[in-house]
Structure formats: structure tokens, C-alpha cells
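Trainee: Here's a sequence, model it:
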Amino acid sequence: MSSRRSLLLAAAASPAASLLAPAVTASAATSASPTQGRTGDDPVYTEPIGIGLEGFPSPFPFSFLRLVVQGEIVNMAYMDVAPSGRANGQTVTLLHGKNFDGGAWAPTARALAKAGYRVVIPDQIGFGRSSKPAVDYGFAMLADNTAALLDHLGVDRTHLVAHSMGGMLATRFALRHPRRTLRVALANPVGLEDYRELVPEHTTEKLFADELGKTDQAALRAFYRGYVVRWRPEYERNVEIRCRVTLSAEYPRWAMAAALTYQTAYHQPVVHEFGRLRAPVLLVIGQEDRTAIGKEYATPADRDKLGNYPVLGKRTAEAIPDARLVELPGVGHNPQMEAAGRFQRELTRFFAG
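Mentor: Numbering: from 1, shown residues only. Here you go, the predicted model:
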């Protein structure tokens, strides 16, 4: 039996597992409001959703592509949004970050569709509505899965728009599939530095245990609020998903996928390969962002050195042969949300060449 399966079985069997979430009866799960209580102005979620976001609405119709990953049959969820404006014959693929799903791209997708683009929005394996197997995740695997999805949809070449850890995936896709990559837009991507230099390595067992413990709703809301400068009600969607997933009986499987994909971001840096990119790249960098993989594990002194996006953005623009840098003052980790209008205008201008 694999160590990962053993960990999942242990989490399910442990008496401590019952402490991971409040008990929810079958009748309550089907009839109760997901916000039966409130703490101040903040909702308190009591109704679970599945770890494949079963029970949570989707901004667009979604489908599944069946794949085989390391011997396991998995389903990759995706949304395929047709142009709502005059079609221009081009496709944009949107790549979500680690703590987000494809549905978080809805405003960007609508704007691009209105501008005439076909928009493909996958949930990567391990995220969102897709399967969450306990496999060895890697950016090469995720990139090739994305290429398989584009094959399935008959898309030969695509623009890429990527946020956070999706930026590492977009970089790997562009390097592995240069012929298929037209232009790449990166919104506050992580991976602009090598986290191994300042963040200590941890075992998957520790990361899994840490993920299992992340169930406090106030703490989860504070985590997402740390991504932005000014909180808006529409950002609550991401908090709701994260909180309600922790109430699922399958939460340990979600936590294992989160631990394994952390290892991917930590152990598979792309920063050393930016000079190999040949596609034009747009870097949209919120200047208030200080996000970094594993920052909580670094010493206080090293923590202050991580995630300095005003410096990282300039350094990355210099490293990429054909890059344009857009710096957004007063914006944090999510420029596609916090400065949506400006972000959408920059994208359409960039893709128009």
C-alpha cells in the first residue's frame, strides 16, 4: 500500500478526523442554508460541497475529459465559452492558481468572449471540479493534460492567461509546446523566485497534516483577504468554496492533493528558464502583493525577503526576451479581480499585437 493511501486511510480512521469539521446530518446537508450563522458581517458556512465542487454553481456549462494519469483514470473538468461578440477565430486558455479554480476567471472570460475570443477554462487535475488523485503532480504533466484538452477541442494554437501558480504552468506549457503558444499573459504569477533558497523543505506527511488542520473559517477568510488590498463582496466566492470543502467527508483527499501540488510548486521552479521563452509575454503585477509559496515556513527574516513583487516583476521582465511589464499600484495578488477593467483592456490590446 502506498504511503499516500496509508495517510488517507489514517486520516479517515483517526478519531481526530471528526474534529476537522462540525457534524452535518444528511437532512441538514440537503435543506440547510450554507450561511445559517454569521460572525459580525461575515457568513458562517454549515453546508458542505463535494471536493469536486459538487453542489456549487458554475458560471458556464462544464464538461469532463477522461484522461489516464500514472495509471489512474481521472476526469479533467473544463468550460468552453463561445465568443459572444464578433468571433475573431482565436482562442484564449485561462489557467487558475493553486487556491482558485477555473470559475474564478468568470469576469475575464466574459470580457474576452465579448471581444470575440473562444475561451477555454480548465480545472487542472487536483483542483476545482477535476479529479484529485494521489499521484506525483508536475507542471509537465499538467501542461500535457492541457495540450490533450486543446486537442480534444480541436484547438491548434492558443493565447494563455495565467494567475498565481498558473503562471508556472503557463511557463512550462510555453516551453514544452512552443508551436501551440501564441502569447502569454501572467497575472502576479508565483514562481518568479526559487523558493528552495529561503523556504525549508517539508515532507508530504507534514504538508498533508497542515492542510487537514486548515478548517477555521475566520482564518481561511483572512487568508483570502490577504491577497487583496480592498475586500469586495464578490471575492467571497473563493472563501465559500474553500470553507465548504472542509466540511466534506472527502476533505482528506482534497488536502492530500493540496499537499502534493505544493510540492510541485516548491520543487519544480521555472524562474531559471524564463530566458528560454520565445512567445511574447505580458506581466501584469499588482505592486502590493507579497505572496510566496511556503512563506509561512520561512524564518521571520527570510519571510520579509520573499514575494517582493515590485522587484520580482522588473527582474522577470528583464529575463524574458520579449516581455512587457504593467505595474499596478494599490493592487495585490489578484489584478484580474481588483483591477478588472484595466486588466481586461491590457489583455485585449496585448493579444491584438
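Trainee: Could you give the number of residues near residue 106?
Mentor: Other residues near residue 106 come to 18 when the count uses other C-beta atoms under 10 Å. C-beta here means a position set from N, CA and C on the backbone, and glycine is covered the same way.
Trainee: Let me see the contact set for residue 186.
Mentor: Contact partners of residue 186, counting by C-beta atoms under 8 Å, 6 or more residues apart in numbering, are 162, 163, 167, 170, 281, 282, 283, 284.
Trainee: Grab the nearest non-local neighbour of it.
Mentor: residue 167 (4.4 Å; C-beta to C-beta, 6 or more residues apart in numbering).
Trainee: Likewise for residue 70?
Mentor: Counting by C-beta to C-beta, 6+ apart, residue 70 lies nearest to residue 135, which is 4.6 Å off, once chain neighbours are set aside.
Trainee: So what's the residue count around that neighbour?
Mentor: 19.
Trainee: cool, the one 10 residues further on as well?
Mentor: Per other C-beta under 10 Å, the neighbour tally for residue 145 reads 21.
Trainee: give me the low-pLDDT residue ranges for the stretch 51-200 of the chain?
Mentor: Across the stretch 51-200 of the chain, nothing is flagged by pLDDT under 70.
Trainee: Quick one: the strands in it, in order.
Mentor: Under the criterion DSSP state E, counting those that start in this stretch, strands of the stretch 51-200 of the chain are mapped to 62-69, 72-81, 91-95, 118-122, 158-163, 181-187.
Trainee: same check, this time on the stretch 251-353 of the chain
Mentor: Taking DSSP E, counting those that start in this stretch as the criterion, the stretch 251-353 of the chain carries its strands at 281-286, 323-328.
Trainee: Indicate each strand paired with the first one and its parallel or antiparallel sense.
Mentor: To tie it back to what came earlier, the one meant is strand 281-286. Under the criterion DSSP bridges, strand 281-286 sits next to strand 181-187 (parallel), strand 323-328 (parallel) in its sheet.
Trainee: Relative to residue 345, tell me which of these wins on proximity.
Mentor: Of all the strands paired with strand 281-286, strand 323-328 sits nearest to residue 345, with 10.1 Å by C-beta to C-beta.
Trainee: got a list of contacts for the closest one?
Mentor: Under C-beta under 8 Å, 6+ apart, the answer for strand 323-328 is 280-287, 310, 313-314, 316-317, 335, 338-339, 342, 346, 350.
Trainee: From these, keep the buried residues only.
Mentor: Neighbour-count burial within the contacts of strand 323-328 applies to 280-287, 313, 316-317, 335, 338-339, 346, 350; the criterion is 16 or more other C-beta atoms under 10 Å.
Trainee: Need the distance between the two termini of stretch 221-236.
Mentor: Start and end residues of stretch 221-236 are separated by 8 Å (C-alpha to C-alpha, to the nearest Å).
Trainee: And residue 129, how far from residue 234?
Mentor: Using C-beta to C-beta, to the nearest Å, residue 129 is found at 20 Å from residue 234.
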